[in-house]
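In: Below is the sequence, then the predicted model.
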Amino acid sequence: MPSSRTDESIAQSMRTVRTAVLPVAGLGTRMLPATKVVPKELLPIGTRPLIQHAVDECWEAGIERVVLVTSAGKHLIVDHFDRAEQLERMLEERGKREALERIATARPPESGRLLSVRQPEPLGLGHAIWCARHIIGPDPFAVLLPDDFILAQPGCLKQMVAAWRELGGNLVATMEVPAEQTGRYGIIEPGRRDGRLIAVKGLVEKPDPARAPSTWAVIGRYILDPAVLRELDAGRRGAGGEIQLTDAMAGLIGRQSFHAYLFEGERFDCGQRAGYIEAQLAVGLSDPEIAPLLHRRVTRGRD
C-alpha cells in the first residue's frame, strides 16, 4: 500500500532542531537590587536558577548545542555550567553525595555543547540573535527567553519541536493575554486555527490595545528558519529604537510557513516581581516536601 505521506513531509519529519539560542545579555533592572551583582538569569526557581531550567528544557527537546548570548558582567552565567572543583572536592571529602549529584546535573551532558557569544551593545532581542549567526549557521534553530519560565510536561520546546517536524517553517509559542497588556508583547494577527495551531498572518511589536490585531501574544519560545537572520542583517530599528526580532519574523510571513503554537503548560513572567513570586509558589506547591508548609502559610494568611 502506498504511503499517504509525501516525500517532502517524510523529509521534514526527519529534520531536527539542533541549536538553541538563549539571549541573556539584559540588565534585569526590574528586579533590582537583587540583580545588581547576580544576573537575573541566576535567580533561583526552587533549587535551580532560571537559566538552568531553560537549558534543561533544551536538552529534553533533543537540542544538541546551546548558545548563550551574554554581555559584560554576565560571566557568572557561563561559570554556572562549569565545574566547581574546590566545592566538589569539599563535598566529596564530607560525603555529601546528594549535593554532588545535584551539581553534576547542572553541567552539559558533553563538553562543547554549551557555548557563549557577546552582544557588545544593547540593541534589542533581534540584534542578540544576530550576534549568534555564525554559530547558528544554515539550519533552523530555537530561541528561548529564560525570563519566560514555563511549567509543562513535556517541556514547551519539546512540544513545539514535535509540531514543527510536521509543519516546518517558523513556529512561535503563544497564549492569550488581557487586552490592556498587548503593549508588552509581540501580538499575532491570527489566521485559521487548527487545534493548537494558529496560522500567523501578521506580527506587531507591542501595539497599543486599541490597535492590536488580537490578544494572542508571542511568548519566549521560537523555532525559526535561518532566513530570519538575513532579515536581521539589515539592522532596521523598530519599537524602542531597537532591532526587534518580531519585525524580522514579520518579514517572513507570506514567504514561508508561519504558525503559532498553543502550548500545554503555565507560563510565568520572571522578569518582573509578581511573576517571579508566582513561579516560586507554583514550583514549591509541586514539591511534596515543602508544599504542606506553603499551604499552612497561605491558610494562616487568610485567617
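Out: Sure thing, it's come through. Numbering: from 1, shown residues only.
In: residues touching the spatially most central residue of the chain, list them.
Out: Taking C-alpha atoms, centre = their mean as the criterion, Leu144 is the residue nearest the geometric centre of the chain, at 2.1 Å. If a contact means C-beta atoms under 8 Å, 6 or more residues apart in numbering, then Leu144 has Ala20, Val21, Leu22, Ala54, Glu57, Cys58, Leu157, Gly220, Arg221, Tyr222 as its contacts. Any C-beta I mention is one placed from the backbone N, CA and C, and that applies to glycine too.
In: wait, which of those is closest to Ile243?
Out: Closest approach between the contacts of Leu144 and Ile243, by C-beta to C-beta: Val21, at 14.6 Å.
In: Enumerate the positions of stretch 151-163 that are buried.
Out: Taking 16 or more other C-beta atoms under 10 Å as the basis for neighbour counts, the residues of stretch 151-163 that come out buried are Leu151, Gly155, Cys156, Leu157, Lys158, Gln159, Met160, Val161, Ala163.
In: which residue sits closest to the second one, ignoring its sequence neighbours?
Out: Just to be clear, that refers to Gly155. Of all residues not flanking Gly155 in the chain, Glu57 sits nearest, at 4.3 Å (C-beta to C-beta, 6 or more residues apart in numbering).
In: Setting aside sequence neighbours, what's the nearest residue to Thr35?
Out: Leaving aside its chain neighbours, Thr35 sits nearest to Gly28 (3.6 Å; criterion: C-beta to C-beta, 6+ apart).
In: quick one on the thing from earlier: for the residue nearest to Gly155, give me its contacts.
Out: With contacts defined as C-beta under 8 Å, 6+ apart, Glu57 is in contact with Leu144, Ile150, Gly155, Cys156, Leu157, Lys158.
In: In strands, which of those appear?
Out: Those of the contacts of Glu57 mapping onto strands are Leu144, Ile150, per DSSP state E.
In: Tell me the one among the contacts of Glu57 nearest to Ile198.
Out: Within the contacts of Glu57, proximity to Ile198 (C-beta to C-beta) peaks at Cys156, which comes in at 15.7 Å.
In: quick one: that closest one and Phe268 touch, right?
Out: No - contact status for Cys156 versus Phe268: not in contact, 12.0 Å apart, counting by C-beta atoms under 8 Å.
In: Overlap of the contact sets of those two?
Out: Taking C-beta under 8 Å, 6+ apart as the criterion, Cys156 and Phe268 both touch Ile150.
In: Make sure the residue nearest to Gly155 is indeed in a helix.
Out: Yes - Glu57 sits within a helix when classified using DSSP: H, G, I helix; E, B strand; the rest coil.
In: quick revisit: can you add pLDDT and give the contacts of Glu57 back as CSV?
Out: As requested, the contacts of Glu57 are exported to CSV (pLDDT from 0 to 100):
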residue, pLDDT
Leu144, 98
Ile150, 96
Gly155, 96
Cys156, 97
Leu157, 98
Lys158, 97
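In: need the contacts of Glu57 in a markdown table with distance to Ala106, can you?
Out: Output for these, formatted as a markdown table (distance: C-beta to C-beta, whole Å):
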| residue | distance to Ala106 |
| --- | --- |
| Leu144 | 17 |
| Ile150 | 19 |
| Gly155 | 17 |
| Cys156 | 20 |
| Leu157 | 18 |
| Lys158 | 20 |
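In: which stretches of the stretch 51-200 of the chain have low pLDDT?
Out: Counting by pLDDT under 70, the stretch 51-200 of the chain contains no low-confidence segment.
In: where do the helices sit along the stretch 51-200 of the chain?
Out: Counting by DSSP state H, counting those that start in this stretch, the segments of the stretch 51-200 of the chain that form helices are 75-80, 85-93, 97-104, 125-130, 133-136, 156-167.
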